[in-house]
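1. here are the coordinates; sequence isn't available:
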């Protein structure tokens, strides 16, 4: 199981000024990936660590955005 070091207690939001995006006053650049399976992996306790591991690896690579799908096409 992957341990999460800390969870932010306040949320930051990306904002737009003209054609530039900013996060907490600094320029924000979208650098991300698609992950259709993310919500499926987060449902079960035994597969949830995969989701955390992918998020931690993505953050280590400098990725800032993950696009996933939030629909139910299974029996959950």
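-> Structure's in. What do you need? Everything quoted here is computed from the prediction, not taken from an experiment. Residues are numbered from 1 along each chain as shown.

2. what stretches of this structure score poorly on pLDDT?
-> Scanning the chain for pLDDT under 70 picks out 1-9, 72-76.

3. Specify the residue positioned farthest from the middle of it.
-> residue 18 (25.3 Å; Cα atoms, centre = their mean).

4. what helices or strands is the helix or strand where residue 49 lies leaning on?
-> Assigned by DSSP states H and E, residue 49 falls within helix 48-60. For helix 48-60, the helices and strands in contact under the criterion 3 or more Cβ pairs under 8 Å, 6 or more residues apart in numbering; DSSP states H and E are helix 38-43. C-beta coordinates here come from the backbone N, C-alpha and C atoms, glycine included.

5. Contacts for the helix it packs on, please.
-> For helix 38-43, the external contacting residues (Cβ atoms under 8 Å, 6 or more residues apart in numbering) are 47-48, 50-51, 54, 66, 68-70, 74, 76.

6. Need these in CSV (columns: distance to residue 29).
-> Below are the contacts of helix 38-43 laid out as CSV (distance: Cβ to Cβ, whole Å):
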residue, distance to residue 29
47, 31
48, 29
50, 27
51, 24
54, 20
66, 15
68, 20
69, 23
70, 24
74, 34
76, 35
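
7. what's the closest of those residues to residue 12?
-> Checking those against residue 12 by Cβ to Cβ gives residue 66 as the nearest, at 15.9 Å.

8. Could you pull up the residues touching that closest one?
-> 32-35, 38, 55, 58.

9. So what sits opposite it in the bridge?
-> residue 33 (DSSP bridges).

10. measure it to residue 18 for me?
-> 26 Å (Cβ to Cβ, to the nearest Å).

11. What's the separation between the closest residue to residue 23 other than its chain neighbours and residue 26?
-> Taking Cβ to Cβ, 6 or more residues apart in numbering, and ignoring the residues beside it in sequence, residue 23 has residue 14 as its nearest neighbour in space, at 5.1 Å. Using Cβ to Cβ, we find residue 14 at a distance of 11 Å from residue 26.

12. list the buried ones in stretch 34-53?
-> Buried residues in stretch 34-53, counted by 16 or more other Cβ atoms under 10 Å: 35, 38, 40-41, 50-51.

13. If we ignore the residues flanking it in sequence, what's nearest residue 65?
-> Per Cβ to Cβ, 6+ apart, closest to residue 65 is residue 32, 3.2 Å.
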